[in-house]
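Engineer: Here you go, sequence then predicted model.
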Amino acid sequence: MKLQHATQNESYATFKEFSRAVDDESRARSNLRGLLDLRLLPEPIPLEEVEPASEIVKRFNTGAMSYGSISNEAHETLAIAMNRIGGKSNTGEGGEDPERFMPVPNGDSKSSAIKQVASGRFGVTTKYLVNAHELQIKMAQGAKPGEGGQLPGHKVDEVIARMRYSTPGVRLISPPPHHDIYSIEDLAQLIYDLKNVNPNAAVSVKLVSEVGVGTVAAGVAKAQADHVVISGDDGGTGASPWTSIKHAGMPWELGLAETQQTLVLNDLRGRIRVEADGQMKTGRDVVIGALLGADEFGFATAPLVVEGCIMMRKCHLNTCPVGVATQDPVLRKKFTGKPEHVVNYFFFVAEEIREIMAKLGFRTFDEMIGRVDKLKAQKAIDHWKAQGLDFSKILQRPEVGPEVATYCVTSQDHGLEKALDHELIEIARPALESKRKGGALPSDPQHQPHGRRDALRRDHEALRRGGSAGRYNPLQVHRHGRPELRRLVRQRPHTHARGRVQRLPRQGPGGRPDRRLSSQSGNLSSPEETIIVGNTVLYGATGGECYFHGMAGERFAVRNSGARAVVEGVGDHGCEYMTGGTVVVLGKTGRNFAAGMSGGVAFVYDEDGAFERRCNLSMVELDPVRDKKDQLLLKGLIEKHLAYTGSEKAKKILAQWEWALPKFVQVMSVEYKKVLEQRARQKTMVH
């Protein structure tokens, strides 16, 4: 408990005792940084000449621990502390309460600077994105690569369910792979989307330490990311299985060294920041990370311990006795952590870094980044596992000229000035400023889309002026071309979509876009066999309605948590990880339908009776549509689909409704159904 005593009593001497113990343990258990030593100067430079701690702490981030996995008190304490020192806290995958976006009376901010998106992140809305300083695309997690996290149902209370657009008491599952990224081009598109919705935020990509991560990081840099995280195998105690903690992943030292060397050799390092993440605790950990090539550093376990965590390993049981990793209101009252304690910890780490920098001869932190020549392999460890280890690949310094940067010195060029939104924002400025509806723009050649994503900046401008999604609708755009739909900017396209629809931000359109096949778009005689929209349509949508006169590609409505949609057919993995909303499929589905689906409802028109073989039944049940309310909902959505698209399939079904209704299969999560039934019983008892 030396760390807690040190930070609570502002004792740097006690912190040094903790630090020595951690560093000694690092050497004793022979992790990679424990096997490395520092080449110190015979005489250190004066400490007063070294960069101040107040600047060094700005390089520190706290880990992606969501509100839900830890308590609201623990989450907000970290955010306040990091905002005070100029570092960054991370929302994790749980979204964030909009109330935290506003400063508190004493001037503190509870808003996490880093907000995670993509790969099934919960609660991602336009407002969430606009209020970020950094947007992090989580491709994977170092402590459990290839696995998805889970939040048990007993930790999903009313508040968390509201933030995550899900149902209280129903467990939440994160997709293991990154389901809307199939290539570097997809990643580049997502980065561009994020920069358009919030041009002021940096875009980060979280990768795991593994063989070949340097090549991936080079692709990330070329895709115009501002920041890349190399996440190691240590940590993940709150959300990882024990087998993963012990046996999965690789040390961040390996991935960081490869990333630094690859980026420098390809002259990419100068335009992207690199972060190392995984059980950082002491100044020595940070210094070794910097010498191997990191600009920034992620801390998770240590700040939680500072807040009061006693490492009971009960995070998943909701029984944390100190109120750190629980949603139990009684246990949360036992939380004693304060932002001041967390601030003390990071300044202690920074002071220790300054002492080591003086001994190494570095006056600024930037000078230290990538200087692997200041590292050497230890020879003092007498253990058979350490014999014969070759550190030459890790400690190799790329031979490049002085013109090639070895740390981040410039920013990426995202090409945002080319977006059509700049023109439309100027046209709509009176409406945006007055928060009143603007007139519709004509569909003429000068208003055709030039860029890859051209509705996001308008959302940003509207929300920046104090708007709230769905409250007002300042601009309508009538055009032909590739559709981009947003709640604040209602557009009415009449065409097919060659790519994704409503991929970011996951707010969902407020209007009712129709998706009709134009005469040039495909086979009008069989829309149920014609793909009209691509993969991952309605990925993470939180509201709105869509009607597609044709088929969708793979992973339709993945992580849908509020949108209503009708489509004539879908590819593989439809409604995967869905937590809310309603989806109607009037034709065939691909395989693995409803995998990981924990909420919402899907209605599938099963003409050939083969749907059960194509559905993943691990979490859902298939039933006829018996309830009158469900029948009215289903029929109403099909009627809208007919009205908006002129679908012959919808017309045929409605014309013989009594015959067609029994062919519909209702797909619902078993847990979700039980919760709804329990609510219905409680409501009946009240009345």
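Structural biologist: On my side now, so go ahead.
Engineer: in the helix or strand hosting Leu190, what counts as buried?
Structural biologist: Using DSSP states H and E, Leu190 maps to helix 184-197. Within helix 184-197, the residues that qualify as buried are Asp186, Leu187, Ala188, Gln189, Leu190, Ile191, Tyr192, Asp193, Leu194, Lys195, Asn196, Val197, counting by 16 or more other C-beta atoms under 10 Å. C-beta here means a position set from N, CA and C on the backbone, and glycine is covered the same way.
Engineer: Isn't the last one up against Asn131?
Structural biologist: No. With contact defined as C-beta atoms under 8 Å, Val197 and Asn131 do not form a contacting pair (11.1 Å).
Engineer: sorry, back to before: downstream of the helix holding Leu190, the next helix or strand is which one?
Structural biologist: strand 202-208.
Engineer: Do a quick rundown of the helices in the stretch 151-300 of the chain.
Structural biologist: 158-164, 184-197, 213-222, 242-247, 252-265, 283-292 (DSSP state H, counting those that start in this stretch).
Engineer: Now render these as CSV, adding mean pLDDT and distance to Ile369.
Structural biologist: Shown next, in CSV, are those (pLDDT from 0 to 100; distance: least, C-beta to C-beta, whole Å):
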stretch, mean pLDDT, distance to Ile369
helix 158-164, 89, 37
helix 184-197, 90, 23
helix 213-222, 96, 15
helix 242-247, 68, 30
helix 252-265, 97, 8
helix 283-292, 97, 5
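Engineer: Show me the one of these that comes nearest Gly600.
Structural biologist: helix 158-164 (12.9 Å; C-beta to C-beta).
Engineer: buried sites along that closest one?
Structural biologist: Ile160, Ala161, Met163, Arg164.
Engineer: can you tell me which residues contact the third one?
Structural biologist: This means Met163. Tyr67, Gly68, Gly94, Gly95, Glu96, Asp97, Phe122, Gly123 (C-beta atoms under 8 Å, 6 or more residues apart in numbering).
Engineer: among these, who's most crowded?
Structural biologist: Gly68 (29 neighbours; other C-beta atoms under 10 Å).
Engineer: okay but that one is in contact with Lys155, surely?
Structural biologist: Yes. Using C-beta under 8 Å, Gly68 makes contact with Lys155 at a distance of 6.2 Å.
Engineer: what residues are shared contacts of these two?
Structural biologist: Gln327.
Engineer: rewinding a little: now the contacts of Met163 in JSON lines, please, with extra columns for secondary structure and pLDDT.
Structural biologist: Putting the contacts of Met163 into JSON lines (DSSP: H, G, I helix; E, B strand; the rest coil; pLDDT from 0 to 100) gives the following:
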{"residue": "Tyr67", "secondary structure": "strand", "pLDDT": "89"}
{"residue": "Gly68", "secondary structure": "coil", "pLDDT": "87"}
{"residue": "Gly94", "secondary structure": "coil", "pLDDT": "82"}
{"residue": "Gly95", "secondary structure": "coil", "pLDDT": "87"}
{"residue": "Glu96", "secondary structure": "coil", "pLDDT": "93"}
{"residue": "Asp97", "secondary structure": "coil", "pLDDT": "93"}
{"residue": "Phe122", "secondary structure": "coil", "pLDDT": "81"}
{"residue": "Gly123", "secondary structure": "coil", "pLDDT": "82"}
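Engineer: residue ranges with poor pLDDT in the protein?
Structural biologist: Of all residues in the chain, those with pLDDT under 70 make up the ranges 29-30, 118-121, 142-149, 175-180, 235-246, 379-381, 420-425, 428, 431-525, 687.
Engineer: Could you rerun that using 80?
Structural biologist: Along the chain, segments meeting pLDDT under 80 span 27-30, 118-121, 140-150, 173-182, 235-249, 313-314, 316, 378-388, 417-528, 683-687.
Engineer: Count the neighbours of Thr319 for me.
Structural biologist: 13.
Engineer: who's in contact with the residue nearest to it when sequence neighbours are not counted?
Structural biologist: Using C-beta to C-beta, 6 or more residues apart in numbering and skipping residues adjacent in sequence, the residue nearest Thr319 is Thr326, 6.5 Å away. By C-beta under 8 Å, 6+ apart, Thr326 lies in contact with Ser71, Lys155, Asn318, Thr319, Cys320, Arg332.
Engineer: likewise Asn61?
Structural biologist: Met82, Gly87, Lys88, Ser89, Asn90, Ile114, Glu275, Asp277, Glu296, Phe297, Gly298, Phe299.
Engineer: returning to what we had before: now for the buried residues of helix 158-164: which two are most distant?
Structural biologist: Most distant of those, by C-beta to C-beta, are Ala161 and Met163, 7.4 Å apart.
Engineer: Out of the helices of the stretch 151-300 of the chain, which gets nearest to Ile137?
Structural biologist: helix 184-197 (6.3 Å).
Engineer: Report the inter-axis angle for the closest one versus strand 202-208.
Structural biologist: Using axes from the mean of the first three to the mean of the last three C-alpha atoms, to 10 degrees, one finds that helix 184-197 and strand 202-208 are set 150 degrees apart in direction.
Engineer: What is helix 184-197 packed up against?
Structural biologist: helix 126-130, strand 134-138, strand 202-208, helix 213-222, helix 456-464 (3 or more C-beta pairs under 8 Å, 6 or more residues apart in numbering; DSSP states H and E).
Engineer: Same list, these, but as CSV with distance to Pro42 and mean neighbour count please.
Structural biologist: Output for the helices and strands packed on helix 184-197, formatted as CSV (distance: least, C-beta to C-beta, whole Å; neighbours: other C-beta atoms under 10 Å):
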stretch, distance to Pro42, mean neighbour count
helix 126-130, 52, 24
strand 134-138, 41, 26
strand 202-208, 39, 25
helix 213-222, 35, 22
helix 456-464, 55, 23
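Engineer: List the contacts of Ala188.
Structural biologist: Lys222, Ala223, Gln224.
Engineer: Could you check how far Ala325 is from Phe101?
Structural biologist: 24 Å (C-beta to C-beta, to the nearest Å).
Engineer: Of the two, give the one with the bigger neighbour count.
Structural biologist: Ala325 (28 against 16).
Engineer: From the buried residues of helix 184-197, pick the one nearest Asp608.
Structural biologist: Nearest to Asp608 among the buried residues of helix 184-197, with distances taken as C-beta to C-beta, is Asp186, at 33.1 Å.
Engineer: Pull out the buried positions in the stretch of helix or strand Ser54 belongs to.
Structural biologist: Using DSSP H and E, Ser54 maps to helix 53-56. Within helix 53-56, the residues scored as buried using 16+ other C-beta under 10 Å are Ala53, Ile56.
Engineer: same deal with stretch 365-377?
Structural biologist: Phe365, Asp366, Met368, Ile369, Gly370, Arg371, Val372, Lys374, Leu375.
Engineer: which ones among those residues are found in helices?
Structural biologist: Cross-referencing the buried residues of stretch 365-377 against helices under DSSP state H gives Phe365, Asp366, Met368.
Engineer: returning to that earlier point: how distant is the helix holding Leu190 from the center of its chain?
Structural biologist: 13 Å (C-alpha atoms, centre = their mean, to the nearest Å).
Engineer: could I get the lengthiest helix in the chain in PDB with only the CA atoms?
Structural biologist: When the chain is parsed with DSSP H, its longest helix is helix 339-360. The C-alpha trace of helix 339-360 is given here as PDB (Å, rounded to 0.1, in the frame of the first residue of the first chain):
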ATOM      1  CA  PRO A 339      -8.300  13.700  -8.000                       C
ATOM      2  CA  GLU A 340      -5.500  15.200  -5.900                       C
ATOM      3  CA  HIS A 341      -4.100  11.700  -5.200                       C
ATOM      4  CA  VAL A 342      -4.000  10.900  -8.900                       C
ATOM      5  CA  VAL A 343      -2.300  14.200  -9.700                       C
ATOM      6  CA  ASN A 344       0.300  13.500  -7.000                       C
ATOM      7  CA  TYR A 345       1.000  10.200  -8.500                       C
ATOM      8  CA  PHE A 346       1.700  11.500 -12.000                       C
ATOM      9  CA  PHE A 347       3.900  14.300 -10.700                       C
ATOM     10  CA  PHE A 348       5.900  11.800  -8.700                       C
ATOM     11  CA  VAL A 349       6.400   9.700 -11.900                       C
ATOM     12  CA  ALA A 350       7.400  12.800 -13.800                       C
ATOM     13  CA  GLU A 351       9.900  13.900 -11.100                       C
ATOM     14  CA  GLU A 352      11.400  10.400 -11.200                       C
ATOM     15  CA  ILE A 353      11.700  10.700 -15.000                       C
ATOM     16  CA  ARG A 354      13.500  14.000 -14.600                       C
ATOM     17  CA  GLU A 355      16.000  12.500 -12.300                       C
ATOM     18  CA  ILE A 356      16.700   9.700 -14.800                       C
ATOM     19  CA  MET A 357      16.900  12.100 -17.700                       C
ATOM     20  CA  ALA A 358      19.600  14.100 -15.800                       C
ATOM     21  CA  LYS A 359      21.600  10.900 -15.300                       C
ATOM     22  CA  LEU A 360      21.200  10.100 -19.100                       C
END
